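S.K.: Whatever this is, show me its structure:
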Amino acid sequence: MNKKNVAVVMGGYSDEYIVSLKSGQLIYESLDRELYNVYKVIILKDQWYFLDDHDAKVEINKSDFSVDLDSGYKVKFDVCFNIIHGRPGENGELQAYWDIIGQRYTGCSFYQSALTFNKKDTLAVLGKYGIPSAKSIYLRKGEKTDNTSIVEQLGLPCFVKPNQSGSSLGISKVKDISEFDKAFELAFEQDEEILIETALDGMEVSVGVVDFEGHTIVLGITEIVPQKEFFDYEAKYEGASEEITPARLDDTTRVKVEEIAVKAYESLGMSGFSRSEFIIMDGVPYMLEMNTNPGFSPASILPQQAKIYGISIQQLCGNEVEKALNKKSS
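M.R.: Here you go, the predicted structure:
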């Protein structure tokens, strides 16, 4: 049997690249070596390279995403396993490039990635499908703001967040009108566009959804109990939160959350790993965002949910590769 060449593509252009390297390492270790030759590919702003077992770097040829190894041996990849968090692997840039050169890859396509990376546009589209979200105001860098008007429309406290950023970077909870300027500054460091949202007071849950063996399944619902005021970067990656899987929900609410998470996934034409964030208030799940390349390190929510669901990491990752192999390359 001919083994397929699989590149686990990790890294990225944002501060999330460190998390992506951990996610990539878990996938690299988990893919079945009897079926696949597995390669590590790191994409950073200043360099794209293959990393061998001795940590030697070989530059990737961007014309066809290949790598030239010893004595002129050229490796082309049957599938790229995309586990980049943030740009360029979660906002559609990398997928568009791969589409152009005819490279198969895991996860969702260019359009779904670009759409879901933009919180405002995702929520606007899902609103048409009857999926509720918090009341919000959208702001571009350089636009004049009237903080009093914002408070009148959204109330306090409210959240200020970058429109396109992952890992809860640049988010502030504003409790007093005097805190807006600092919050805007922090959010604009991450993005040219920001969202100001009403703070919903309820249980925060993170819902893993994936298309597995031909079916859209909810891997699990995890309740997020931040030790800080909200689920920020530190809470997410440095253990400053309690994550309870399965979430402490009554059956009616659990079913409602599962149905909305699946509806959101299918309405957007998603594929691959996804993690949607909701706040449940008075039994209604309000959507915050959808991540199309969520964290996949051993500490991340999705692998925890898969374990409870009874799907091994090897099965989960193998399923992604097989789906990609069955796609027609463009």
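S.K.: what sits opposite residue 280 in the beta ladder?
M.R.: residue 203, residue 285 (DSSP bridges).
S.K.: got the contact list for the longest strand anywhere in the chain?
M.R.: Secondary structure of the chain per DSSP state E: the longest strand is strand 215-226. With CB atoms under 8 Å, 6 or more residues apart in numbering as the test, strand 215-226 has contacts from 203-211, 231-232, 235, 240-249, 254, 257-258, 261-262, 265-266, 301-302, 304-306, 308-309, 311. Where you see a C-beta, it was placed from the backbone N, CA and C, and this is true even at glycine.
S.K.: Low-confidence stretches in this protein?
M.R.: Within the chain, the ranges that satisfy pLDDT under 70 run 165-168, 228-240, 329-330.
S.K.: Just say helix, strand or coil for the residue of it positioned farthest from its centre.
M.R.: Distance from the centre of the chain peaks at residue 71, with 38.3 Å (CA atoms, centre = their mean). State at residue 71, reduced to three classes by DSSP: H, G, I helix; E, B strand; the rest coil: helix.
S.K.: the inter-axis angle of the longest helix belonging to the chain versus strand 215-226?
M.R.: Looking across the chain with DSSP state H, the single longest helix is helix 251-267. Between helix 251-267 and strand 215-226, the angle comes out at 120 degrees (axes from the mean of the first three to the mean of the last three CA atoms, to 10 degrees).
S.K.: Can you give me the buried ones in helix 251-267?
M.R.: In terms of neighbour count (16 or more other CB atoms under 10 Å), helix 251-267 has its buried residues at 253-254, 256-258, 260-265.
S.K.: Stretch 292-310 too?
M.R.: 292-297, 299-306, 309.
S.K.: Got phi/psi on the nearest residue to residue 196 once chain neighbours are set aside?
M.R.: Nearest residue to residue 196, sequence neighbours excluded (CB to CB, 6 or more residues apart in numbering): residue 137, at 4.6 Å. Here is the backbone geometry of residue 137 (degrees, to the nearest 10): phi -130, psi 140.
S.K.: what's the spacing between residue 137 and residue 158?
M.R.: Distance, residue 137 to residue 158, by CB to CB, to the nearest Å: 9 Å.
S.K.: what's the overlap in contacts for these two?
M.R.: 150, 196.
S.K.: Who has more neighbours out of these two?
M.R.: Remark: of residue 137 and residue 158, residue 158 carries more neighbours, 26 against 17, as counted by other CB atoms under 10 Å.
S.K.: Is that one in contact with residue 198, as I believe?
M.R.: Yes: counting by CB atoms under 8 Å, residue 158 does reach residue 198; the two are 5.7 Å apart.
S.K.: Which ones among the contacts of strand 215-226 lie within helices?
M.R.: Going by DSSP H, the helices hold 235, 254, 257-258, 261-262, 265-266, 301-302, 304-306, 308-309 from these.
S.K.: Quick check: the two most widely separated of the residues you listed?
M.R.: 235 and 266 (29.5 Å; CB to CB).
S.K.: Looking at the buried residues of helix 251-267, which is nearest residue 88?
M.R.: residue 265 (22.6 Å).
S.K.: my guess is residue 28 meets residue 41, correct?
M.R.: No: when contacts are counted by CB under 8 Å, residue 28 is not listed as touching residue 41 (10.0 Å).
S.K.: Return every residue with contacts to both of the two.
M.R.: Joint contacts of residue 28 and residue 41 (CB under 8 Å, 6+ apart) are residue 8.
S.K.: Domain parsing of this protein, as residue ranges.
M.R.: The record's domain parsing of the chain by automatic domain parsing lists 4-106, 115-132+201-292, 136-198.
S.K.: measure stretch 96-114 end to end?
M.R.: 10 Å (CA to CA, to the nearest Å).
S.K.: That one: which residues count as buried?
M.R.: Buried, per 16+ other CB under 10 Å, within stretch 96-114: 98-99, 103-110, 112-114.
S.K.: re the thing from before, the domains of the chain: which one's closest to residue 324?
M.R.: Closest to residue 324 of the domains of the chain is domain 4-106 (CB to CB; 4.4 Å).
S.K.: Check the offset of that closest one from the chain's centre.
M.R.: In this view, domain 4-106 has its centroid 17 Å away from the chain centroid, taken as CA atoms, centre = their mean, to the nearest Å.
S.K.: Please apply the same query to stretch 186-205.
M.R.: Taking mean C-alpha positions (CA atoms, centre = their mean), stretch 186-205 and its chain are 16 Å apart.
S.K.: all helices of the stretch 51-200 of the chain, in order?
M.R.: 93-101, 110-117, 119-127, 147-154, 180-188 (DSSP state H, counting those that start in this stretch).
S.K.: The ones you listed into CSV, with extra columns for distance to residue 80?
M.R.: Shown next, in CSV, are these (distance: least, CB to CB, whole Å):
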stretch, distance to residue 80
helix 93-101, 7
helix 110-117, 13
helix 119-127, 24
helix 147-154, 41
helix 180-188, 32
